[in-house]
Structures are given as C-alpha cells and as structure tokens.
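**Q** Model the structure of this input:
(one chain, ligands or ions: 1)
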Amino acid sequence: MSRIGIFYGSSSGVTKAAAEKLAGFLGEDRCDLYSMEEDFVDFDEMLDYDFLLFGCSTWGSGEVQNDWRDPLLDLDNDKPDFSGKTIAVFGAGDYVSHGEQFVSALGILYDKFKARGATLVGSFPTEGYTYKYSFAERDGQFVGLPFDDINEADKTEARLQAWVEVLQAYLPEAEEA
Ligand SMILES: Cc1cc2nc3c(=O)[nH]c(=O)nc-3n(C[C@H](O)[C@H](O)[C@H](O)COP(=O)(O)O)c2cc1C
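**A** Here you go, the predicted model:
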C-alpha cells in the first residue's frame, strides 16, 4: 500500500511530537499514526504497510521505551515475516545524562526487524552529535534518526527535515488523486 505507517512509543511525548512532525513533513493525508500504547494490537497492523517508520525513545540503560517491550518479545516468539517491508527508525535520547547508551533503542529495533526480513533504511550521520557510546551507531553512522530535546531541542526540527530528505529515496509513490 502507498500509505505510510508511523508507530511510536513515547513516555514523555518527545518521540510522539517527532512522529507528528514527520507525518506533517511527509504529508498527513498519506500517513497513519499509531501509538504503541494506545493503538497497537498486533503485527498484522504493521504488515498492512510496505513502508513503516518506528519511533522509540531509549530508557533504562539503553533499553527500548516501555510500550515496545512486549511487542518485541512477541516479535521474537511469533516471528512475523517482514520481508518486502521497508522500515526506518527514529527516537529521542539524552546525551548528557545517558551518553553511555545514547539512543541505543534505535539499534535494538534495527536488529530485531532486520532479523525478521525487513529492509532497514534511513541511516543518519553522527556528525553534530556528542555521546560516549551508542548501540545505534554502526559503521560510523546512526541506524536511524536520533534527537535530544532535553539538551538540544533547537536542533530537532532541522534533523527531522534532513532525515525526511534521506527518506525520499525510499518512500512509496503517492496515490493519484
Ligand atoms: C530513567 C531514565 C533513563 C533513560 N535512559 C536513557 C538511555 O539509556 N539513553 C538515552 O539516550 N536516553 C535515556 N533517557 C532519556 C530519554 O530517552 C529522554 O528523556 C527522551 O526525551 C524521552 O523521550 P519520550 O518522551 O519520547 O519517551 C532516559 C531517561 C530517564 C528518565
């Protein structure tokens, strides 16, 4: 399907706000937003889409936001087939208080859905970010889009816009009106 499914988990609203901004940039009329807390039922909802954005902030010490925990356990157990699906991940972190596991949840989502056959896109340069370690950094790039509204909220909008440019190459064609 040509619509874009955006599924996000967000405890204090930062990743949620980013999900809503992304929908605005990509075109609200072609995006469906799902809160993992309120709207997610099972993976069939995700599998309705060929192109998906998954938002997840990092909590604990490098762990996924709470609303993604059970779904990821189900993913391991049920092993739904995501082959043919294109997925990009984004999420909030805090490089000052948690720079030793900065936005590591993005790396967890990346690995989990890659293992289920999805094609992961939307890597983003690490330039301009400060952190000690991130499980989301692979081969010198982030596997998706990180942002930090605790310490550098002024950079988030430009980062979201730059990421949307990266995604353009992978977006499904919009349906003719
Ligand atoms: C107890 C606690 C643990 C956290 N652990 C991490 C972490 O490991 N890595 C990180 O980058 N940010 C961490 N954070 C920061 C959150 O990711 C940050 O507050 C983010 O803006 C939350 O986004 P959300 O509102 O979308 O959930 C942590 C915050 C708290 C309060």
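**Q** ok, now which ones touch the closest residue to the ligand within the chain?
**A** Here the residue of the chain nearest the ligand is residue 93; by Cβ to the nearest ligand atom that distance is 2.4 Å. Quick note: C-beta positions are derived from backbone N, CA and C, even for glycine. Residues near residue 93 by Cβ atoms under 8 Å, 6 or more residues apart in numbering: 57-58, 102-105, 146-148.
**Q** go on, residue 165?
**A** If a contact means Cβ under 8 Å, 6+ apart, then residue 165 has no contacts.
**Q** for residue 118, same thing?
**A** Neighbours of residue 118 in contact, by Cβ under 8 Å, 6+ apart: 52, 82-83, 85-87.
**Q** re the thing from before, need the nearest residue in space to the residue of the chain closest to the ligand, chain neighbours excluded.
**A** Leaving out its chain neighbours, the residue that sits closest to residue 93 by Cβ to Cβ, 6 or more residues apart in numbering is residue 103, at 3.7 Å.
**Q** What parts of this structure come near the ligand?
**A** 10-15, 57-62, 65, 92-94, 98, 101-104, 149-150 (Cβ under 6 Å from any ligand atom).
**Q** phi, psi of the residue most central in space within the chain?
**A** Most central in the chain under Cα atoms, centre = their mean is residue 89, positioned 2.4 Å from the mean C-alpha point. Dihedral pair for residue 89: phi -120, psi 150, per degrees, to the nearest 10.
**Q** Need the per-residue pLDDT for it.
**A** Looking at residue 89, its pLDDT stands at 98.
**Q** before we move on, which element is residue 12 in?
**A** Following DSSP states H and E, there is no helix or strand that holds residue 12.
**Q** That one and residue 118: what is the separation?
**A** 28 Å (Cβ to Cβ, to the nearest Å).
**Q** centre of the chain versus stretch 11-26, how much separation?
**A** Relative to its parent chain, stretch 11-26 has a centroid offset of 10 Å by Cα atoms, centre = their mean, to the nearest Å.
**Q** And the contacts of it?
**A** Against stretch 11-26 from outside (Cβ under 8 Å, 6+ apart): 4, 6, 8-10, 31, 33, 35, 53, 55-57, 59, 65-66, 90-92, 147, 149, 156-157, 160-161, 163-164, 167, 171.
**Q** Go again with 7 Å.
**A** 4, 6, 8-10, 31, 33, 53, 55-57, 59, 65-66, 90-92, 147, 149, 156, 160-161, 164 (Cβ atoms under 7 Å, 6 or more residues apart in numbering).
**Q** In helices, which of those residues fall?
**A** If you go by DSSP state H, the contacts of stretch 11-26 have 66, 156, 160-161, 164 in helices.
**Q** Can you go through these and name the buried ones?
**A** Among these, the ones that count as buried by 16 or more other Cβ atoms under 10 Å are 66, 156, 160, 164.
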